[in-house]
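[1] For reference, the sequence and a predicted model appear below.
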Amino acid sequence: MMDAEARYETMALNLKKLREVPGRVVVINELYPELPVDPAHWFAVRGDVHVQGQAVHRDRGIFLDLRIQATAVQPCSRCLTEVISALDWEEHLEFQPEESEGLLQREAFTYSLQDTELSLQPYIVGLIGSVLDPKPLCRPDCKGLCPVCGQDLNIRDCGCAVRHEGDPRLQVLKELLR
């Protein structure tokens, strides 16, 4: 049995083996512990990412049908509290050689014909980011943060909202609503 570090290095699809027999289905069953995410992303991955599915090489293209299970953490868009999302979805990916014509008309990733391996990690991280809610809420009635003092209004009121009249440029709109 492999330890976590050894399993982490198996995150690459062996293209040489896949190209040997076009049309042969290669089973993918990977467990990626603590998948690293670039700090520039607005989410983090917590725990293992499980990727199951199959890959096939056909007509110079590589086709993957995957089921991805992961747990993502991102800040609430109103109060910055952690929002934990359990993800479980299926995805179809297509990879075409960089030299292929007409790639702009199709949704396909590229790979070099000289490559012997294809790392799935950046694609998995990108897919996780694409299925997450861009404006997550910790709960539907989240009150957010006070714009004056920064107090989390879900925990307690701060009293600033009573004293704060709002943006003076919007006073005209407030008068129209009266």
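    Received, thanks.

[2] which secondary structure elements does the longest helix along the chain contact?
    When every helix of the chain is counted residue by residue (DSSP state H), the longest turns out to be helix 121-131. Helix 121-131 makes packing contacts with strand 49-58, strand 61-75, strand 82-97 when contacts are defined by 3 or more Cβ pairs under 8 Å, 6 or more residues apart in numbering; DSSP states H and E. Where you see a C-beta, it was placed from the backbone N, CA and C, and this is true even at glycine.

[3] Flag every buried residue along stretch 58-78.
    By neighbour count on 16 or more other Cβ atoms under 10 Å, the buried set for stretch 58-78 is 61-64, 66, 68, 70-74, 76-78.

[4] Dihedrals phi and psi, P33?
    Listed backbone geometry of P33 is phi -80, psi 130, with angles given as degrees, to the nearest 10.

[5] circling back to that earlier point, can you tell me what sits against the longest helix of the chain?
    The set of residues that contact helix 121-131 without belonging to it, under Cβ atoms under 8 Å, 6 or more residues apart in numbering, is 11, 32, 35, 37-38, 41-43, 45, 49, 51, 68, 70, 72, 87, 89, 91, 93, 109.

[6] sorry, back to before: I'd like the buried residues of stretch 58-78 written out as CSV, with pLDDT added.
    Shown next, in CSV, are the buried residues of stretch 58-78 (pLDDT from 0 to 100):
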residue, pLDDT
G61, 88
I62, 91
F63, 94
L64, 95
L66, 96
I68, 96
A70, 96
T71, 96
A72, 96
V73, 96
Q74, 95
C76, 97
S77, 96
R78, 95
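
[7] which among those residues gets closest to K174?
    R78 (21.9 Å; Cβ to Cβ).
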